[in-house]
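Trainee: Predicted model, plus sequence, below.
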Amino acid sequence: LMVVRRELEGIRRYVHLSTGNYNENTARIYSDVGYFTAHGEIASEISLFFNAITGYSSVPNLKYLVMAPIGLKRKIIDLVRREIERHRNTGQSLIMLKLNSLADSDVIETLYEASNAGVEIRMCVRGVCMLVPGVEGQSENITVVSVVDRFLEHSRIVYFLNGGNEELYLTSADLMPRNLERRVELMFPILGEK
């Protein structure tokens, strides 16, 4: 969602990004995470994103936002592989994922690679999880838990230690082929301490 306001200083854009959608039928039972920002570059990229999905422009090159089906799967795999390199160089690594579903075989294979390289991976997967954790020689550095509670845990959160330069992302996409390859989804960084 983007709101454009004329203020004393000029035009200002406010952006709300979320791990879910605006569905009044599920709003009472789904638990999502939203990010409200006036960050100028993110707002600019959201404008480009809206222009692309409405057909007014071609798919833009984005610095902050990652879009499926264009590059989200590749970005996740690249971030996991970067964590493997960080582990090799410093011995420090950590990946944490909170998802509804994990079913994409390419992402799962990359997570297995990371586990075999010594990267610690902690996951909270509410629903389908086709990755098998705790298998010696394959996934012994991966733990998976599931949370089932009063509300349907719907948020998708992706964290990388990144050698101490931590990166945290929220995304509307689960790590499934339909989300990564056949739907329009976004992943976006959480910037700044606040």
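Mentor: That came through, no problem.
Trainee: quick one, what contacts the residue lying closest to F49 once chain neighbours are set aside?
Mentor: Nearest residue to F49, sequence neighbours excluded (C-beta to C-beta, 6 or more residues apart in numbering): L65, at 6.2 Å. In short, each C-beta sits where N, CA and C put it, glycine included. Neighbouring residues of L65 by C-beta atoms under 8 Å, 6 or more residues apart in numbering: I42, E45, I46, F49, L186, M187, F188.
Trainee: hang on, isn't the last one packed against L168?
Mentor: Which is F188. No: look at F188 against L168 with C-beta atoms under 8 Å: they stay out of range, at 10.1 Å.
Trainee: More neighbours: the two, which one.
Mentor: Applying other C-beta atoms under 10 Å to F188 and L168 shows that F188 carries more neighbours, namely 24 against 13.
Trainee: which residues sit in contact with the more buried one?
Mentor: Here F188 is in contact with L17, Y35, I42, Y64, L65, V66, Y169, L170, T171 (criterion: C-beta under 8 Å, 6+ apart).
Trainee: Run me through the strand neighbours of the worst-scoring helix or strand of the chain on mean pLDDT, direction for each.
Mentor: Of the helices and strands making up the chain, the lowest-confidence element is strand 152-153, at a mean of 78, by mean pLDDT, DSSP states H and E. As defined by DSSP bridges, the strand partners of strand 152-153 come to strand 30-31 (parallel).
Trainee: Check the offset of the strand it pairs with from the chain's centre.
Mentor: 17 Å (C-alpha atoms, centre = their mean, to the nearest Å).
Trainee: How about residues contacting it?
Mentor: Here strand 30-31 has contacts from G20, N23, F151, L152, E153, H154, S155, using C-beta under 8 Å, 6+ apart.
Trainee: Throw the contacts of F188 into CSV and include distance to S105 and secondary structure, thanks.
Mentor: Formatted as CSV, the contacts of F188 follow (distance: C-beta to C-beta, whole Å; DSSP: H, G, I helix; E, B strand; the rest coil):
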residue, distance to S105, secondary structure
L17, 28, strand
Y35, 30, strand
I42, 31, helix
Y64, 28, coil
L65, 25, coil
V66, 20, strand
Y169, 21, strand
L170, 24, strand
T171, 19, strand
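Trainee: top of those by neighbour count?
Mentor: T171 (24 neighbours).
Trainee: The closest residue to it other than its chain neighbours pairs with what?
Mentor: The shortest distance from T171 to any non-neighbouring residue, by C-beta to C-beta, 6+ apart, is to M187 (3.8 Å). On the basis of DSSP bridges, M187 is bridged to V66, T171.
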